[in-house]
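J.: please find the sequence and the predicted model below.
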Amino acid sequence: MTDTHDDASTPRFGEGLGLLPCPFCGNGAYVAQDQASDYESHWTWFVECTGCGAMISSMNTKVQAVNAWNLRAPNAKLSRALGAMNKTADGRASA
């Protein structure tokens with residue numbers, strides 16, 4: 001896999017790409033490129049969260065991947081569960 005954020009000329013973690021925070025954990029995300037499963041010269045793009053690892057399915061272009069990420073609806077039930085887990089973990093860390 002070739003991560004586009006390894007290229008110094010490419011913005012990191014969504015800078016300049018208009019990537020919204022992760023709808024699940026609120027962390028930033030990055031755009032990456034991966035070779036398609038047909039192993040020919042076909043490459044696909046995806047977005048992955050730097051915190052929880054949530055990601056979108058592979059898209060044919062970087063723009064499609066960014067748009068698909070930004071159009072994801074927040075999952076309220078999962079967000080509440082993650083919030084409760086974080087509060088529990090924070091309580092244990094300070095005890």
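T.: Received the coordinates, thanks. Quantities reported herein were computed from a predicted structural model and do not represent experimental measurements.

J.: which parts of this protein are strands?
T.: 2-3, 29-35, 43-49 (DSSP state E).

J.: what's the pLDDT at G16?
T.: At G16, the pLDDT value in this model is 52.

J.: kindly report the same for A95.
T.: In this model, A95 is scored at 51, pLDDT.

J.: kindly report the same for A84.
T.: We have a pLDDT of 78 for A84.

J.: worst mean pLDDT among the strands of the chain?
T.: The bottom spot among the strands of the chain, by mean pLDDT, belongs to strand 2-3, with a mean of 43.

J.: before we move on, the earlier item: got JSON lines for the strands of the chain, with mean neighbour count and distance to G83 too?
T.: No exception for glycine: its C-beta is placed from N, CA and C like everyone else's. Shown next, in JSON lines, are the strands of the chain (neighbours: other C-beta atoms under 10 Å; distance: least, C-beta to C-beta, whole Å):
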{"stretch": "strand 2-3", "mean neighbour count": "12", "distance to G83": "29"}
{"stretch": "strand 29-35", "mean neighbour count": "19", "distance to G83": "19"}
{"stretch": "strand 43-49", "mean neighbour count": "20", "distance to G83": "16"}
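
J.: who wins for proximity to A81 among those?
T.: With C-beta to C-beta as the criterion, A81 lies closest to strand 43-49 of the strands of the chain, at 15.8 Å.

J.: show me the residues around the closest residue to Q64 other than its chain neighbours that make contact.
T.: Nearest non-adjacent residue to Q64, counting by C-beta to C-beta, 6 or more residues apart in numbering: W45, 7.0 Å away. Applying C-beta atoms under 8 Å, 6 or more residues apart in numbering, we find W45 in contact with 31-34, 58-62, 64-65.

J.: can you rerun that using 6 Å?
T.: Listed by C-beta atoms under 6 Å, 6 or more residues apart in numbering, the contact partners of W45 are 33, 59, 62, 65.

J.: ok, the second one touching A65?
T.: The one in question is M59. Yes - using C-beta atoms under 6 Å, M59 is in contact with A65, at 4.2 Å.
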